[in-house]
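Undergrad: here's my sequence, what's the structure:
(one chain, ligands or ions: 1)
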Amino acid sequence: MDSFALTNANVLTDGGFRSGLAVLVEGGRIAALAPESGLPAGIVRRDLGGGQLLPGFIDVQVNGGGGVLFNNAPTVEALRAIAAGHRRFGSTGLLPTLISDDADIMRAAVAAVRQAIAEGVPGILGIHLEGPYIAPERKGTHDAGKFRVPDAAEIEMATALDNGVTLITLAPERVPADTIRAMVARGAKVAAGHTAANYAQARAGLDAGITGFTHLYNAMTPLQGREPGVVGAALEDPHSWCGVIVDGVHVHPASLRVALAAKPRGKILLVTDAMPMVGSDDPSFDLYGETIVAKDGVVRNAAGALAGSALDMASAVRNTVGLLGLPLEEAARMASTYPARFLGIDDRRGRIAPGCVADLVLLDGALQVRETWIGGVPWQA
Ligand code: ZN
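TA: Numbering: from 1, shown residues only. Reported below is the predicted structural model:
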């Protein structure tokens with residue numbers, strides 16, 4: 001089925017939701033959006049039953065899924081399991097995220113992602129290295145014993161992926177501005193996170209090329225009257241993107257509404273920060289040798305720190321509508337178009353527009369995932 005038309009859906013186009021419009025897919029790409037009444041005779045049609053057809057979700061922070069933690073298994077098979085686990089919840093593209101670890105694990109992770117992309121594993125867009133260039137004071141569940149400042153060889157290793165996107169989360173007060181510049185010059189996106197920086201240090205990081213903030217509010221210095229901190233720098237800056245975990249646990253809905261009010265539209269994006277239980281029946285996993293169990297959907301380590309989430313992207317979208325009161329159109333863009341822009345791939349992903357890769361998700365009236373397409377290839381939930 002190389003060429004087909006998706007019909008009878010409410011389609012989220014660049015201009016908003018449209019009905020009566022068919023999405024023509026050819027060779028894995030969106031060939032056209034055309035009135036259903038004018039479809040060529042003989043084209044294969046798929047009736048989507050009046051559901052919501054959205055750009056497939058893009059999650060830039062996925063530690064694990066399908067029962068697998070990327071750190072524990074930096075392999076192509078693990079990436080396949082993680083991507084499949086998240087696809088059930090509408091993610092058609094993700095950055096497997098390695099939390100702070102030793103250089104040999106990082107090297108293996110980059111190699112696995114390169115191979116997965118080369119083999120066409122559905123849904124793998126690149127890699128997110130969250131640490132180890134971060135701050136002990138804001139380590140969260142990361143192992144501070146792994147933290148270090150990258151030298152030239154390490155910069156080269158961390159930015160070695162040549163067939164996908166690299167995102168690096170670091171603490172700008174721990175990493176020289178020239179190092180941030182070097183990472184950006186080598187094609188990486190750099191975000192501030194797990195950082196104890198003051199406002200001036202965060203600002204200097206932005207000036208050096210930081211374009212994102214990792215899980216805004218969590219594991220960073222807060223906004224205060226005389227010291228705006230990293231949160232203040234993030235909210236004030238109109239150019240950068242902020243990832244947020246909308247699970248009702250990591251951030252209070254009021255704080256999220258403050259961020260939405262402060263940032264220009266399009267600069268807040270949904271992430272899951274998901275752990276292996278997403279897309280798996282097993283609520284437990286091992287992290288740095290410690291067994292961690294999700295309780296009531298909340299993931300904490302033995303010390304009580306939040307250790308990622310049990311959130312999936314479809315739930316994040318529903319929470320953005322239900323907890324934050326945003327229309328589905330905006331919640332969906334926060335899960336697709338905006339992360340694609342942050343990663344610099346919105347010319348081909350994160351939108352339902354001619355020329356884009358046919359990465360799509362179909363939701364029903366309860367905003368549950370019914371079907372996804374990656375490169376035009378369907379998978380039904
Ligand atoms: Zn984190």
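
Undergrad: please make it C-alpha for all contacts and neighbour counts, starting now.
TA: Fine.

Undergrad: let me see the mean pLDDT of stretch 166-180.
TA: For stretch 166-180, mean pLDDT rounds to 98.

Undergrad: can you check stretch 325-338 too?
TA: Here the average pLDDT along stretch 325-338 is 98.

Undergrad: that one: which residues count as buried?
TA: By 16 or more other C-alpha atoms under 10 Å, the buried positions in stretch 325-338 come out as Leu326, Leu328, Glu329, Glu330, Ala331, Ala332, Arg333, Met334, Ala335, Ser336, Thr337, Tyr338.

Undergrad: swap in stretch 75-84?
TA: Buried-residue list, stretch 75-84, by 16+ other C-alpha under 10 Å: Thr75, Val76, Ala78, Leu79, Arg80, Ala81, Ile82, Ala83, Ala84.

Undergrad: how does the chain divide into domains?
TA: 3-54+352-380, 57-343 (automatic domain parsing).

Undergrad: can you list contacts of the longest helix along the chain?
TA: Across the chain, the longest stretch assigned as helix under DSSP state H is helix 103-119. The contact list for helix 103-119, computed with C-alpha atoms under 8 Å, 6 or more residues apart in numbering, reads 70-71, 74-76, 79-80, 98, 124-127, 129, 154, 157-158, 160-164.

Undergrad: can you mark which positions in whatever helix or strand comes next after that helix are buried?
TA: Counting by DSSP states H and E, the next helix or strand C-terminal to helix 103-119 is strand 126-130. By neighbour count with 16+ other C-alpha under 10 Å, strand 126-130 contains the buried residues Gly126, Ile127, His128, Leu129, Glu130.

Undergrad: nearest to Leu12, out of those: which one, please.
TA: Gly126 (25.2 Å; C-alpha to C-alpha).

Undergrad: give the contact list for the closest one.
TA: Leu94, Leu95, Pro96, Val113, Arg114, Ile117, Leu161, Asn163, Gly164, Val165, Thr166.

Undergrad: which of the residues you listed are buried, as a ChimeraX select command?
TA: A single ChimeraX command is used to select the members of the contacts of Gly126 judged buried by 16+ other C-alpha under 10 Å:
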select :94,95,96,113,114,117,161,164,165,166
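
Undergrad: name the nearest of the contacts of Gly126 relative to Val298.
TA: The closest of these, once distances to Val298 are taken by C-alpha to C-alpha, is Pro96, at 20.4 Å.

Undergrad: got the angle between the helix or strand hosting the closest one and helix 103-119?
TA: Per DSSP H and E: Pro96 is located in strand 91-99. If you take axes from the mean of the first three to the mean of the last three C-alpha atoms, to 10 degrees, strand 91-99 sits at 160 degrees to helix 103-119.

Undergrad: so how far is strand 91-99 off the chain centroid?
TA: Mean-position distance between strand 91-99 and its chain equals 6 Å (C-alpha atoms, centre = their mean, to the nearest Å).

Undergrad: same question, stretch 258-271
TA: The answer for stretch 258-271 is 15 Å, by C-alpha atoms, centre = their mean.

Undergrad: same deal with stretch 155-164?
TA: Between the centre of stretch 155-164 and the centre of its chain there are 19 Å (C-alpha atoms, centre = their mean).

Undergrad: in that stretch, what counts as buried?
TA: Buried, per 16+ other C-alpha under 10 Å, within stretch 155-164: Ile155, Met157, Ala158, Thr159, Ala160, Leu161, Gly164.

Undergrad: what does that stretch contact?
TA: 106-107, 110-111, 113-114, 117-118, 125-127, 129, 166, 179, 182-183, 186-188.

Undergrad: hmm, 6 Å instead?
TA: Stretch 155-164 is contacted from outside by Leu125, Gly126, using C-alpha atoms under 6 Å, 6 or more residues apart in numbering.

Undergrad: Ile43 versus Phe24, what's the distance?
TA: Phe isn't right for residue 24; it's Leu. Distance, Leu24 to Ile43, using C-alpha to C-alpha, to the nearest Å: 9 Å.

Undergrad: likewise for Ala171?
TA: Distance from Ala171 to Ile43, by C-alpha to C-alpha: 53 Å.

Undergrad: which of those two has more residues huddled nearby?
TA: Ala171 (27 against 11; other C-alpha atoms under 10 Å).

Undergrad: report the contact partners of the more buried one.
TA: Per C-alpha under 6 Å, 6+ apart, neighbours of Ala171: Ile134, Ala135, Ala192, Gly193, Thr195.
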